[in-house]
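Student: Make a model of this:
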Amino acid sequence: MNTVTLPSVSGKLTPNAPLAPLVWFKSGGAAQWLFEPKDLADLQAFLRDLDPSVPVMALGLGSNLIVRDGGVPGVVVRLGKAFAKVTKCADLTLDCGAGASGILVSSTARDEHISGLEFLRSIPGTVGGFVRMNGGAYGGEVKDVLIDCDVVRRDGSLHTLSVAALHYTYRHSELAEGAIVVAARFKGQPGEPAAIQAEMDRIAESREASQPLRSKTGGSTFKNPAGHKAWQLVDEAGCRGLTMGGAQVSEKHTNFLLNLGNATSADIEGLGDEVRRRVKDKSGVELEWEIQRVGRK
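Tutor: This is a model prediction of the structure:
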């Protein structure tokens, strides 16, 4: 890759860019290249002209991600301010840039008298991330409110995909690996701003009470297996407070892993795998990672 000539860009292209400051866990290695496109045209041209053998990955708020200590080969794309706008585009419908946060989407919905998007307030990521993952919480899922999304494929071409085309399942879509979500349309129902704000406040308070929000963490670690709660299985396997290196299973909510200060990504991932092993031994249930793990160990 170092011998590959990268296309010229209008945005910012940084070699050997540390990713730890950009992810919630505050651990992990560098991106071989970090690309922050100026706008959609810049992103499309870059991907079109980039050697097809170079891997590409999108990075949102890094809330659901372990970047391994060996770093990420290829190009990591981070969508900035140009992709963070949210506007009303039709009746009860918001057009949202992929870099916009769940909080911005739900707040804009409130201001536009649109209910049904309050749950996005509690997803600690960007539109691009939760569209890819079918993010959800507090009774809502992206698949319930998404109309369609705009995606730039690895060859730089722009496509609009309906919600059906994403083939959503629990915390999963069939969006191609190198494809980058750049925008999405969400539709809600009519609502009163005061009632919408009250529901957002209820969600925020519930999260604050039950989740370790003031910590270096990565959100929900494991998917809830059918008929089970992941946190309960972890607790029953005796893993509450379990540590490995600088990583710990949260005492407050056992489906969260914490970086106590100086954990490596190997500590965090290793702890997660140890929890999975203990849960399998105790209950026979195989926990699946919800957090994405990327890069070289």
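Student: contacts and neighbour counts: CA atoms only from here.
Tutor: Will do.
Student: which residues in the stretch 101-250 of the chain form helices?
Tutor: In the stretch 101-250 of the chain, helices defined by DSSP state H, counting those that start in this stretch lie at 102-111, 127-133, 142-145, 193-210, 230-236, listed in chain order.
Student: Would you mind finding the most buried of those?
Tutor: helix 127-133 (a mean of 26; mean count of other C-alpha atoms under 10 Å).
Student: returning to that earlier point: between the helices of the stretch 101-250 of the chain, which gets the lowest average pLDDT?
Tutor: When the helices of the stretch 101-250 of the chain are compared on mean pLDDT, helix 193-210 scores lowest, with a mean of 91.
Student: quick one: that one to helix 102-111, angle?
Tutor: 150 degrees (axes from the mean of the first three to the mean of the last three C-alpha atoms, to 10 degrees).
Student: ok, and what's touching helix 193-210?
Tutor: 110-115, 118-119, 121-122, 138, 213, 252-253 (C-alpha atoms under 8 Å, 6 or more residues apart in numbering).
Student: Who wins on neighbours among the residues you listed?
Tutor: Glu118 (28 neighbours; other C-alpha atoms under 10 Å).
Student: the bottom helix or strand of this protein by mean pLDDT?
Tutor: strand 136-137 (a mean of 84; mean pLDDT, DSSP states H and E).
Student: if you skip the residues just before and after it, what's nearest to Gly125?
Tutor: Ranked by C-alpha to C-alpha, 6 or more residues apart in numbering and with sequence neighbours excluded, the top spatial neighbour of Gly125 is Leu61, at 5.3 Å.
Student: Now intersect the contacts of helix 193-210 with the strands, please.
Tutor: 114-115 (DSSP state E).
Student: export the contacts of helix 193-210 to JSON lines and tack on distance to Gly128?
Tutor: Formatted as JSON lines, the contacts of helix 193-210 follow (distance: C-alpha to C-alpha, whole Å):
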{"residue": "Arg110", "distance to Gly128": "21"}
{"residue": "Asp111", "distance to Gly128": "22"}
{"residue": "Glu112", "distance to Gly128": "22"}
{"residue": "His113", "distance to Gly128": "24"}
{"residue": "Ile114", "distance to Gly128": "21"}
{"residue": "Ser115", "distance to Gly128": "21"}
{"residue": "Glu118", "distance to Gly128": "17"}
{"residue": "Phe119", "distance to Gly128": "16"}
{"residue": "Arg121", "distance to Gly128": "15"}
{"residue": "Ser122", "distance to Gly128": "15"}
{"residue": "Tyr138", "distance to Gly128": "20"}
{"residue": "Leu213", "distance to Gly128": "21"}
{"residue": "Lys252", "distance to Gly128": "29"}
{"residue": "His253", "distance to Gly128": "26"}
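Student: ok, the contacts of helix 193-210 vs Leu166, which is closest?
Tutor: Phe119 (20.4 Å; C-alpha to C-alpha).
Student: distance of the residue nearest in space to the middle of the chain from Leu65?
Tutor: By C-alpha atoms, centre = their mean, the chain has its centre lying nearest to Gly129, at 3.9 Å. Using C-alpha to C-alpha, to the nearest Å, Gly129 is found at 10 Å from Leu65.
Student: my guess is Arg48 contacts Asp155, does it?
Tutor: Yes - with contact defined as C-alpha atoms under 8 Å, Arg48 and Asp155 form a contacting pair (4.7 Å).
Student: ok now do Arg278, which residues does it touch?
Tutor: Arg278 makes contacts with 237, 239, as judged by C-alpha under 8 Å, 6+ apart.
Student: per-residue confidence at it?
Tutor: At Arg278, pLDDT is 98.
Student: what do you get for the one 4 residues further on?
Tutor: Among the per-residue scores, Lys282 holds a pLDDT of 97.
Student: likewise Thr3?
Tutor: pLDDT at Thr3 comes out at 67.
Student: what would the helices of the stretch 101-250 of the chain look like in CSV with distance to Lys12?
Tutor: What follows is the helices of the stretch 101-250 of the chain, written out as CSV (distance: least, C-alpha to C-alpha, whole Å):
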stretch, distance to Lys12
helix 102-111, 24
helix 127-133, 20
helix 142-145, 31
helix 193-210, 34
helix 230-236, 40
